[in-house]
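Asks: Predicted model and sequence follow; I will ask about them next.
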Amino acid sequence: MCGIVGLLVKKPALKQQLGQLMVPMLIGMTERGPDSAGLAVFAEPLKGSARKLSLYSGLTEAGADFDWHGLTHGLQQHLGVTSTIDVKHNHAVLSFEVSPDIVKKWLREHHPKLHILSTGQTIDLYKDIGTPSMVSDRYDFSSLTGSHLVGHTRMATESAVTPDRAHPFTAGEDFCLVHNGSLSNPYGLRRKLEPHGIHFDTDNDTEAACRFLEWRLREGDDLETALHAGFEELDGFFTFLMGTPDKLALIRDPFACKPAVVAETDDYVAIASEFRSLAHLPDVKHAKVFEPAPEEMYVWNA
Amino acid sequence: MERVSFDLASTPLREVNQFLYQKLQAEDERHVEVHNPDGAHNIAVGLDQPVTVEIHGHAGYYAAGMNKKAHVIVHGSAGTGVAENMMSGVVHVKGFASNGAGATAHGGLLVIDGDAGLRCGISLKGADIVVGGSVGSFSGFMAQAGRMVICGNAGDALGDSLYEAVIYIRGEVKSLGADAQFEPMTDEDRATVADLLRQAGLQHDPASFKRIASARSLYHWNADANQEY
């Protein structure tokens, strides 16, 4: 069991309240996922060639006392890369104006235990073990702003309870996925993807789905075609919610084994595993509430 | 008739269910209102008194599950397993219902004004289900007794491995399940549909429904079938 939540605001004024509206959604899914929580938020893109990485230091020896400024200093010294860093507890967003591959290679060499959560121009990603309430407090989720986000509360069934196996998962740039369910062929997918040079961080089944879909997108599929390929290749139970810089997308397996409910008003689209995570939203009593059908693609534009 | 009102925004659900289950006296029929259900699970489960419960909003999983004698109205949608294993009484969902609505229900009437999700009436054991909208795939799977009236369409594998339950459908069937077959409507069938529609408060011409029942070819093991059915 797991809980998924997603929120996309249509009214620009609500972008400032994105985190505030979402925290009760995430906490509402505590019973479905008490062991870990996470979310990816999409905000205004960085300009030009600028990129950012979300980084997690909880797996390093220093943990929350990680020397983040030493890291930016090292980047300057070794690569001549100027970067800025925004730190929250054991999490930081590192921004710079070079190819992210150069920075990531350097990070892997010099800080191998630092976990790279996400890469892109618009995405910030947070995830850690703990109840949704604890994780929300740790990273001050209620202060987050942006146009849309996807969140997850985890009750692990397929792999261990560790921060890197929490959701969302990412692959490539500005793409993330959360999953409620379990896949029966993640190793088959992995054997299919690894010969293409695709590297896996964990043994988690959701990571296989995430990397498969991102690979299809990178190969030139549009989101709809990639998701269609997903229906062909992914075996098991799933409700997937995906985020890109300008879209939220949702699919459910043909048996609709894992729940999802949507509430839509003129101001927002909110998605959750269950209605109890939507009940607090403004004017939800007048929202259009529906269950997404199995094997249908739902795409909402930011 | 005395009216009792609970607000789930301020009252724990357990208190409401304890009131409905333990404190109600059989002889004094009551009318109970539940406000702000907000998707809570297990509202009004296991009732065994002739009480009317009106839930104002969206109910979570297993609303009115195991119902006996009570009349439960959901003014909103219902989550997974509404009225599952109902024994008698009436459960009326004014919005849509999620998966497994009326699963294994033995008796009583379940009315869903909107659509029902997948596996509606799975393993039905004698209850009646009327769906104003459409039903998802695998509805009526292994249904043993009772009747389903579907005013809209059905997804895949409708009535798969049916026993003696009968399904009446007005719209399109994406596919029938194994051993389910269309059969001619008799006068008795039309009277049955008319009666169930009347109980559900729905206005359709009973003659516009088709009957689906078991071909009974899966009832007995056929050693010569070589696993081909």
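Replies: Looks like it arrived, so ask away. Numbers count the residues shown, from 1 in each chain, chains lettered A, B, ... in the order given.
Asks: could you measure the residue nearest to residue A:286 when sequence neighbours are not counted against residue B:197, distance?
Replies: Nearest residue to residue A:286, sequence neighbours excluded (C-beta to C-beta, 6 or more residues apart in numbering or on different chains): residue A:265, at 6.9 Å. Quick note: C-beta positions are derived from backbone N, CA and C, even for glycine. According to C-beta to C-beta, to the nearest Å, residue A:265 stands 34 Å off from residue B:197.
Asks: More neighbours: the two, which one.
Replies: Remark: of residue A:265 and residue B:197, residue B:197 carries more neighbours, 21 against 16, as counted by other C-beta atoms under 10 Å in any protein chain shown.
Asks: Counting neighbours, what do you get for the residue nearest to that one when sequence neighbours are not counted?
Replies: Excluding the flanking residues, the one nearest residue B:197 by C-beta to C-beta, 6+ apart is residue B:204, at 5.8 Å. Residues within reach of residue B:204, counting by other C-beta under 10 Å, total 15.
Asks: Test my guess that residue B:204 contacts residue B:171.
Replies: No. Counting by C-beta atoms under 8 Å, residue B:204 stays clear of residue B:171, with 10.5 Å between them.
Asks: Can you check which residues contact both of the two?
Replies: Contact criterion C-beta atoms under 8 Å, 6 or more residues apart in numbering or on different chains; residues shared by residue B:204 and residue B:171: residue B:151.
Asks: re earlier: before we move on, what's the pLDDT of the residue nearest to residue A:286?
Replies: Residue A:265 carries a pLDDT score of 98 in this model.
Asks: Only the buried residues of the lengthiest helix in chain B, if you could.
Replies: Assignment by DSSP state H gives helix B:187-200 as the longest helix of chain B. Using 16 or more other C-beta atoms under 10 Å in any protein chain shown as the test for burial, helix B:187-200 gives B:189, B:190, B:192, B:193, B:194, B:196, B:197, B:200.
Asks: The fourth one: what's its closest spatial neighbour, skipping adjacent residues?
Replies: Nearest residue to residue B:193 in three dimensions, chain neighbours excluded: residue B:206, at 4.1 Å (C-beta to C-beta, 6+ apart).
Asks: neighbours around residue A:101, how many?
Replies: Counted with other C-beta under 10 Å, residue A:101 comes out at 10.
Asks: I'd like to know how far it sits from chain B.
Replies: Going from residue A:101 to chain B by C-beta to the nearest C-beta, to the nearest Å gives 44 Å.
Asks: do the same with residue A:34
Replies: 16 Å.
Asks: wait, what's in contact with the closest residue to that residue other than its chain neighbours?
Replies: If the residues on either side of it in the chain are set aside, residue A:34 comes closest to residue A:131, at 5.4 Å by C-beta to C-beta, 6+ apart. By C-beta under 8 Å, 6+ apart, the residues touching residue A:131 are A:30, A:34, A:37.
Asks: before we move on, which element is residue A:225 in?
Replies: helix A:223-233 (DSSP states H and E).
Asks: what comes up buried for that helix?
Replies: A:223, A:226, A:227, A:228, A:229, A:230, A:233.
Asks: List just the nearest of those residues to chain B.
Replies: Closest to chain B out of the buried residues of helix A:223-233 is residue A:228 (18.2 Å), distances taken as C-beta to the nearest C-beta.
Asks: and residue B:202, what element?
Replies: Using DSSP H and E, no helix or strand contains residue B:202.
Asks: Leaving out sequence neighbours, find the closest residue to it.
Replies: Per C-beta to C-beta, 6+ apart, closest to residue B:202 is residue B:132, 5.7 Å.
Asks: any idea of the pLDDT on residue 1?
Replies: I went with chain A, as the question did not name one. For residue A:1, the predicted pLDDT is 85.
Asks: Can you look at chain B instead?
Replies: 54.
Asks: what's the answer for the one 5 residues further on, then?
Replies: In this prediction, residue B:6 carries a pLDDT score of 96.
Asks: Would you agree it is in contact with residue B:17?
Replies: No. Using C-beta under 8 Å as the test, residue B:6 is too far from residue B:17 to be in contact (9.9 Å).
Asks: shared neighbours of those two, which are they?
Replies: By C-beta under 8 Å, 6+ apart, no residue touches both residue B:6 and residue B:17.
Asks: if you count what's nearby, which of those two comes out ahead?
Replies: Counted by other C-beta under 10 Å, residue B:6 and residue B:17 do not tie: residue B:6 has more neighbours, with 23 against 17.
Asks: The host helix or strand of the more buried one pairs with which strands, parallel or anti?
Replies: Taking DSSP H and E as the criterion, residue B:6 maps to strand B:2-7. If you go by DSSP bridges, strand B:2-7 pairs up with strand B:30-35 (parallel).
Asks: hmm, who's touching the partner strand?
Replies: Strand B:30-35 is contacted from outside by B:1-9, B:16, B:19-20, B:24, B:43-44, B:51-57, using C-beta under 8 Å, 6+ apart.
Asks: Narrow these to just the buried residues.
Replies: Buried among the contacts of strand B:30-35 by 16+ other C-beta under 10 Å: B:4, B:6, B:8, B:16, B:19-20, B:24, B:43-44, B:51-57.
Asks: Now do the contacts for residue B:154.
Replies: So residue B:154 contacts B:134, B:135, B:137, B:139, B:169, B:171, B:172, B:173, B:174 (C-beta under 8 Å, 6+ apart).
Asks: what angle separates the lengthiest helix in chain A from helix A:223-233?
Replies: In chain A, with assignment by DSSP H, the single longest helix is helix A:205-218. Compare the direction of helix A:205-218 with that of helix A:223-233 by axes from the mean of the first three to the mean of the last three C-alpha atoms, to 10 degrees and you get 130 degrees.
Asks: Output stretch B:180-187 as CSV, nothing but the C-alphas.
Replies: Extracted in CSV, the C-alpha atoms of stretch B:180-187 (Å, rounded to 0.1, in the frame of the first residue of the first chain):
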residue,chain,number,x,y,z
ALA,B,180,-22.1,-15.5,-19.7
GLN,B,181,-24.7,-15.2,-22.6
PHE,B,182,-27.4,-12.9,-23.8
GLU,B,183,-30.9,-14.5,-23.4
PRO,B,184,-34.3,-13.4,-24.6
MET,B,185,-36.3,-11.1,-22.3
THR,B,186,-39.5,-12.7,-21.0
ASP,B,187,-42.5,-10.9,-19.5
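Asks: Looking at that stretch now, give me its mean pLDDT.
Replies: 98.
Asks: Can you list the buried residues in that stretch?
Replies: Those would be B:180, B:185, for stretch B:180-187 by 16+ other C-beta under 10 Å.
Asks: Mind listing residues that contact that stretch?
Replies: Residues contacting stretch B:180-187 (C-beta under 8 Å, 6+ apart): B:140, B:158-160, B:162, B:167, B:176, B:207, B:209-215.
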